[in-house]
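Trainee: generate a structure from the sequence data that follows.
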Amino acid sequence: GNDTQLPRPLQPTDYQIVAATDVDVDDNVFDADADGAANNQLDSKTLTLEQPTINGVQTWKAPEEAADDTDEVSELLDEVTQGDEIALDDRLVVQAEATGVYGSMIANMTNSTSPSGDADWDRYADGVVSSQVLYNLTDDDNEEGVDFSIEAETATGNQQANEIDLEDSSDGEVYVLIDPEGGQFFVVADTSADDAFTNNAPDEATDFTASLDYLADESDDRYEFETDGGDPFDATDSSVNNFPYLLQGEENALSGSAEFSMAPRQISFDNLNEDSEVQVPATEDAEVSGTTNVAPGSDAEIRLQSTSAEESFQYGNDVNISEDGSISTTFDLSNTAVDDEFNANFRVGGSQADSANGVIVEAIADDDGEETNETDDEEMDDGEEEPADDGETNETTDDGESTDDGTPGFGAVVALIALIGAALLAVRRQN
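Mentor: Below you'll find the model as predicted:
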């Protein structure tokens, strides 16, 4: 076998890199003493190898597409929204912020290939690896001390817990993008594909955990090369499955995880009555709103279709899903009648995702129980000044004539005298 110089891979520290030349055949390029100084140094640099890290695991969601719809990290990040509830049929994106594993991914060592692996530097240049490459890295048979899984928290019946299938899925079902310079990789899964899972896609709400671990206490000793053979991915029996760049001991292990759920697409409408019906007013700008677990950026629509109405109707509006899952749109429902009934349908990608019963109402009650679309009992201020109060009080009699019951200067007696005076004046003119 090969004579191995180091007992294990280069460990995190500073290394001096020296370029030198031999000008005398009797001299070595480097001295034989412990310092090993160059006899004719040309240049030198310091190489720093940093401790591998796991800085966290996060979950994101993206609109429904094949897992390999994009092979650029930047494009993927433009499409995703962070969240811990993934709607089935959307894409699940698990981000692991981690370093220290990309050389192994590029080498793609498996127990069925040569001990040196199946290296492909295009994986580094393109930033893409198949899910099988990640599976090979985390397979116990390959002795790298890395565990990664996306697994349901509970098993069903006699089956093992459902998992994202890294071993046997196609690129369209599960895809892996790597970003070594950014210290992160992404696992993208098409949750509409049964073959993306070990036990088919869930058909009900299911809790999952995505976890990444660098192990340090799986064996008795710190990782060490097998001296018999000296191949780069062969470890001694006493150190196998411990991560090569960590000291031995559980306290030295690294890990990160994220809990999330997968659930059927759904929407929770606002303004529900006691019968869980969506209430919508019969106005020109009737609002329908709610919250959904579907990924923002999805092709979504709200459709109102009458089920029992004076005149049948159907209205549909495309809607934008905000980052927090909220949606809102308005309809002109002025031609509908109060108590008309309808279905409020939530459609995604041209297919029915969820629905609720609805009813047309005169107005929507606010938080205080008051209806918001009714005119206030008090008169509205039209900007015109009110006539000044001159002390007069006018009342209308049953015959429509106006009476005065106490206006200063024009009492009933004074009015009678004035009337008699007017009559006398008329008699005088006639004479």
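
Trainee: how about low-confidence regions in the stretch 1-150 of the chain?
Mentor: Low-confidence segments of the stretch 1-150 of the chain, defined by pLDDT under 70: 1-5, 22-28, 31-36, 109-117.

Trainee: how far does stretch 182-194 stretch from start to finish?
Mentor: 32 Å (CA to CA, to the nearest Å).

Trainee: how about residue 98: what's its closest non-neighbour residue?
Mentor: Sequence neighbours aside, residue 54 is the residue nearest to residue 98 in space, at 4.7 Å (criterion: CB to CB, 6 or more residues apart in numbering). Using the backbone N, CA and C atoms, a C-beta is placed for each residue, glycine as well.

Trainee: cool, residue 317 as well?
Mentor: Here the residue nearest residue 317, using CB to CB, 6+ apart, is residue 329, at 4.3 Å.

Trainee: swap in residue 147?
Mentor: Nearest non-adjacent residue to residue 147, counting by CB to CB, 6+ apart: residue 213, 4.2 Å away.

Trainee: enumerate every residue touching the residue nearest to residue 98.
Mentor: By CB atoms under 8 Å, 6 or more residues apart in numbering, residue 54 lies in contact with 96, 97, 98, 212, 213, 214, 254, 255, 256.

Trainee: of the residues you listed, which belong to strands?
Mentor: Cross-referencing these against strands under DSSP state E gives 96, 97, 98, 212, 213, 214, 254, 255, 256.

Trainee: looking at those residues, point me to the pair that's furthest apart.
Mentor: 97 and 213 (14.0 Å; CB to CB).

Trainee: quick one: the residue nearest to residue 147 and residue 144 touch, right?
Mentor: No: at 11.5 Å, residue 213 does not count as touching residue 144 under the criterion of CB atoms under 8 Å.

Trainee: out of the two, which sits in the busier spot?
Mentor: residue 144 (24 against 18; other CB atoms under 10 Å).

Trainee: sorry, back to before: and the residue nearest to residue 98, how far is that from residue 258?
Mentor: 12 Å (CB to CB, to the nearest Å).

Trainee: residue 56 contacts residue 212, correct?
Mentor: No: with contact defined as CB under 8 Å, residue 56 does not count as touching residue 212 (9.2 Å).

Trainee: residue 237: what's it in contact with?
Mentor: residue 219.

Trainee: how about the one 4 residues further on?
Mentor: Taking CB under 8 Å, 6+ apart as the criterion, residue 241 is in contact with 140, 143, 144, 145, 215, 218, 219, 235.

Trainee: any idea how far the spatially closest residue to the first one that is not a sequence neighbour lies from residue 7?
Mentor: Beyond its immediate neighbours in the sequence, the residue positioned closest to residue 140 (CB to CB, 6+ apart) is residue 241, lying 6.3 Å away. Taking CB to CB as the measure, residue 241 falls 17 Å from residue 7.

Trainee: wait, residue 353 touches residue 266, no?
Mentor: Yes: using CB under 8 Å, residue 353 is in contact with residue 266, at 7.3 Å.

Trainee: any idea which helix or strand carries residue 106?
Mentor: In the assignment (DSSP states H and E), residue 106 maps to helix 102-107.

Trainee: buried sites along the helix or strand following that helix?
Mentor: Going down the chain from helix 102-107, the next helix or strand is helix 122-126, by DSSP H and E. Buried residues in helix 122-126, defined by neighbour count with 16 or more other CB atoms under 10 Å: 123, 124.

Trainee: just the CA coordinates for helix 122-126, please, in CSV.
Mentor: The C-alpha coordinates for helix 122-126 follow below in CSV (Å, rounded to 0.1, in the frame of the first residue of the first chain):
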residue,chain,number,x,y,z
ASP,A,122,-17.9,20.4,-12.6
ARG,A,123,-19.9,19.9,-9.4
TYR,A,124,-18.0,22.8,-7.9
ALA,A,125,-18.1,25.0,-11.0
ASP,A,126,-21.8,24.4,-11.7
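
Trainee: if I pick residue 311, what's in contact with it?
Mentor: Per CB under 8 Å, 6+ apart, neighbours of residue 311: 335, 336, 337.

Trainee: surely the first one meets residue 313?
Mentor: Yes: counting by CB under 8 Å, residue 335 sits close enough to residue 313 to count as a contact (7.3 Å).

Trainee: can I get the contacts of residue 311 in CSV with neighbour count, secondary structure and pLDDT?
Mentor: Formatted as CSV, the contacts of residue 311 follow (neighbours: other CB atoms under 10 Å; DSSP: H, G, I helix; E, B strand; the rest coil; pLDDT from 0 to 100):
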residue, neighbour count, secondary structure, pLDDT
335, 11, coil, 95
336, 23, coil, 97
337, 11, coil, 97
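
Trainee: so where is the stretch 251-400 of the chain shaky, pLDDT-wise?
Mentor: 367-400.

Trainee: who touches stretch 144-155?
Mentor: 92, 94, 96, 101, 104, 109, 134, 137-138, 161-164, 166, 187, 189, 202, 206-216, 218, 223, 233, 241-244, 246, 259.

Trainee: what's the spacing between the residue nearest to residue 147 and residue 98?
Mentor: 10 Å.

Trainee: ok so, going back, ok, what's across the strand from the residue nearest to residue 147?
Mentor: For residue 213, the beta-bridge partners are residue 147, residue 255 (DSSP bridges).

Trainee: pLDDT wise, what is it at?
Mentor: With respect to pLDDT, residue 213 scores 96.

Trainee: swap in the one 10 residues further on?
Mentor: On the pLDDT scale, residue 223 is placed at 86.

Trainee: ok so, going back, tell me which helix or strand the residue nearest to residue 140 sits in.
Mentor: Applying DSSP H and E, one finds residue 241 in no helix or strand.

Trainee: for the helix or strand in which residue 137 is found, name the packing helices and strands.
Mentor: Residue 137 belongs to helix 131-138 when assigned by DSSP H and E. With contacts taken as 3 or more CB pairs under 8 Å, 6 or more residues apart in numbering; DSSP states H and E, helix 131-138 sits against helix 102-107, strand 146-152, strand 174-179, strand 184-190.

Trainee: out of those, the one nearest residue 274 is which?
Mentor: strand 146-152 (36.4 Å).

Trainee: end-to-end on stretch 271-287?
Mentor: End-to-end distance for stretch 271-287: 10 Å, by CA to CA.

Trainee: so for that stretch, what gets flagged as buried?
Mentor: 271, 277, 278, 279, 280, 281, 282, 283, 286.

Trainee: still on that earlier bit, residues of the helix holding residue 106 that come out buried?
Mentor: In helix 102-107, counting by 16+ other CB under 10 Å, buried: 102, 104, 105, 106, 107.

Trainee: many thanks, I have nothing further to ask.
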